[in-house]
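J.: Following is a predicted model, sequence given first.
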Amino acid sequence: MRSKIMLAKEVYDKSEKQVLQLEREWYAGRYLSKVEDYYDLNVMAALIYLLKKYNGSFVDLDAYFSSNKINNHDFQNTMKKYIFKSYVQEFLQKNLNIDDLLLIGIALFYNEYKMSRTNNSIESNESLNQTMEYLLKIEDLNSFSLMQVGLSDGTILLDMVKNYNFKRYYAYNRDRQLMVTLQLRVLLLEMFDSQLMEADILNGAFAVRNQLFDRILCVPIWNHRLDKTLKLNPIVKSRMDAIGKIPANTDWLEVLAAFEQLADDGVMVALMTNSSLTNFQNQVIRGYFVDRGYIQSVVELPDSLSEFTRIPLYAVVLSHNNNDIKFVDASESYIQERRYKNIDLDGLKSLIINNTENSCIVSKSRVYEEEYNLLPKRYTAEPITYDGTPLGEICNISRGPVIPSKELDEITTLEDTGIRYVYSQALDTQQVDMSQLPFVDKSKLGKSSQVIEEDSLVLTRTSPFKSNMLHLQPGAGVIINGNLFSITIAPKYRNLYLLDYIAAFFNSTLGREQIERLASGSVIKSISIKDLKSLAIPNAAIEQQRSFLNQTDKIIETRMELLKKLDEVNQELNKLVEEEFNW
């Protein structure tokens, strides 16, 4: 089979014109002009090849799809209907003269199906496939069984078949288009001991029973809300009942369902996102995996591995009986292509094998102390050591109320009420211009809307993180946006810390780095009040703080004078230009 695959690839690579002609005929030709229900060219090539095996007989091909040689009822029912559509039969019969190896090449190597953020298969990135194969540690196995969970078109499977020996293959796939492609490729690869399910692994009706696998690859749906009406796999339900808290999203539940099928000496790789490794909703189930020694390592991969998303991905390697967890930050191990990145596999291997500044081994107890946060940077980043006190001890921190736009329109007013509404964009300037902020009718405020009546430091809750001071006039007050934190000095620390000094620290490189480390999220990061409270504020004598602020005030005053002078110069220049050409 391996030699046949290589020959088919060689013929396919040399037949670009013929493939393009066939592509135009199928996609742009008369076959699909009034048709919505169709499959990609790789599926059609596989069907032509199979039809040729049965001497052009659709009756015999139908009998093949009905046979017990195929253990996939959804696929069988789909194909039995599809091959008797008139436009399908016409296209298949017209192209029965195409060479077998070219048909196999198109069926195995042609990929036109477009993924999206919801269809999160990114097998088109060969470097990612090779990375997952490496992390699965299959190079030392004579043969192995594999279960694949998540969207897949068979690209990584094809690569494995070329290089390794399979005993058994099992796959869950939620997308019908991809399932048809995957099943046909499995048939062409002559993988006799295989079973594919067009289903979700969480669905109790499709629970795998009494089967364990040497290797498991899981790509769950990222950030997908759990349907509470879904009948869970009974094993998963039993585990979740014991854990006591069902997460809001399904990603870790899919990992849990897959891990239940892992052999005692097996290895599993799950491709996860930043939020699934950090957010509070998943903390309990992450603790389940960590405490039981199921997590072997976590590898942060480069972002932009697909043209469709920039979300950074994390390979979580799972196995049994792990006392420690290895964290690897391979986010910079990449080769930049035009619109996406490829993983530098040699660089990644070096980080995993060798002890470097971007990798470390951490005890389960340390992960527990970090509230089961599984981001590698949390552990690999060089610790920032200085004499400091947690912000939560020094200051009172509160988040602004979340006010819907319609309600905000109702409570804002042109009348001077003494209370202004502060939104995130107001922090973009070097100094917040209070005169540009709308007034708020206090009588229309809800009970949760706290009016701040003292100077405060305001920080955005989400990235890019911005902060600024709000200096209030006597008797004035503000309501802050729900995406903002208000920070004020606690009474017992007012003689020890100055809020403007803390504000300056927030705007320093050290302060920004601290905030970024404590934040979590994929594309847009966020920081919780709990994490913000842990941010260390440098200990400095009150005299030192005052001296520093006196110096900065003088520089700020000089800057204001220069800006004023610059404005005057610009006005003078504009006046001169206008007078010259005022004909």
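T.: Now that the structure is in, tell me what you want to look at.

J.: Average pLDDT for the host helix or strand of residue 107, rounded please.
T.: Element membership for residue 107, per DSSP states H and E: helix 100-109. Average pLDDT, helix 100-109: 93.

J.: Give the full set of residues in contact with the residue nearest to the spatial centre of the chain.
T.: Nearest to the geometric centre of the chain sits residue 273, at 3.5 Å (Cα atoms, centre = their mean). Contacts for residue 273 (Cβ atoms under 8 Å, 6 or more residues apart in numbering) come out as 222-223, 251, 311-314, 522. (Each C-beta comes from the backbone N, C-alpha and C, glycine too.)

J.: try residue 314
T.: Each residue near residue 314 by Cβ under 8 Å, 6+ apart is listed here: 271-274, 277, 298-301, 374-376.

J.: Could you confirm it falls within a strand?
T.: Yes. Assessed by DSSP: H, G, I helix; E, B strand; the rest coil, residue 314 belongs to a strand.

J.: circling back to that earlier point, next, the nearest residue to the residue nearest to the centre of the chain once chain neighbours are set aside: secondary structure please.
T.: In space, and not counting its chain neighbours, residue 273 is closest to residue 222: 4.8 Å by Cβ to Cβ, 6 or more residues apart in numbering. Three-state call for residue 222 (three-state DSSP): coil.

J.: Please tell me I have it right and residue 222 contacts residue 250.
T.: No. The pair residue 222 / residue 250 is not scored as a contact, 9.3 Å apart, by Cβ atoms under 8 Å.

J.: does residue 327 really touch residue 315, like I thought?
T.: No. If you go by Cβ under 8 Å, residue 327 and residue 315 don't touch, sitting 11.5 Å apart.

J.: what residues do those two have in common as contacts?
T.: With Cβ under 8 Å, 6+ apart as the test, residue 327 and residue 315 both reach residue 298.

J.: Let me see the mean pLDDT of stretch 504-516.
T.: 92.

J.: Let me fix that, I meant to ask about stretch 59-77.
T.: Mean predicted confidence for stretch 59-77 is 90.

J.: In it, which residues are buried?
T.: 61-62, 64-65, 70, 72, 74-76 (16 or more other Cβ atoms under 10 Å).

J.: Could I have the CA atoms of it written out in PDB?
T.: What follows is stretch 59-77, C-alpha atoms only, in PDB (Å, rounded to 0.1, in the frame of the first residue of the first chain):
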ATOM      1  CA  VAL A  59     -25.800  -1.700  -8.900                       C
ATOM      2  CA  ASP A  60     -22.600  -3.500  -7.900                       C
ATOM      3  CA  LEU A  61     -21.200  -0.300  -6.400                       C
ATOM      4  CA  ASP A  62     -24.500   0.100  -4.400                       C
ATOM      5  CA  ALA A  63     -24.100  -3.500  -3.200                       C
ATOM      6  CA  TYR A  64     -20.500  -2.700  -2.100                       C
ATOM      7  CA  PHE A  65     -21.700   0.400  -0.100                       C
ATOM      8  CA  SER A  66     -24.400  -1.800   1.500                       C
ATOM      9  CA  SER A  67     -22.000  -4.600   2.500                       C
ATOM     10  CA  ASN A  68     -20.700  -5.200   6.000                       C
ATOM     11  CA  LYS A  69     -17.200  -4.400   4.800                       C
ATOM     12  CA  ILE A  70     -18.000  -0.800   5.800                       C
ATOM     13  CA  ASN A  71     -18.800  -0.100   9.400                       C
ATOM     14  CA  ASN A  72     -20.400   3.300   9.000                       C
ATOM     15  CA  HIS A  73     -24.100   3.400   8.500                       C
ATOM     16  CA  ASP A  74     -24.400   7.200   8.000                       C
ATOM     17  CA  PHE A  75     -21.800   7.100   5.200                       C
ATOM     18  CA  GLN A  76     -23.400   4.000   3.600                       C
ATOM     19  CA  ASN A  77     -26.900   5.700   3.500                       C
END
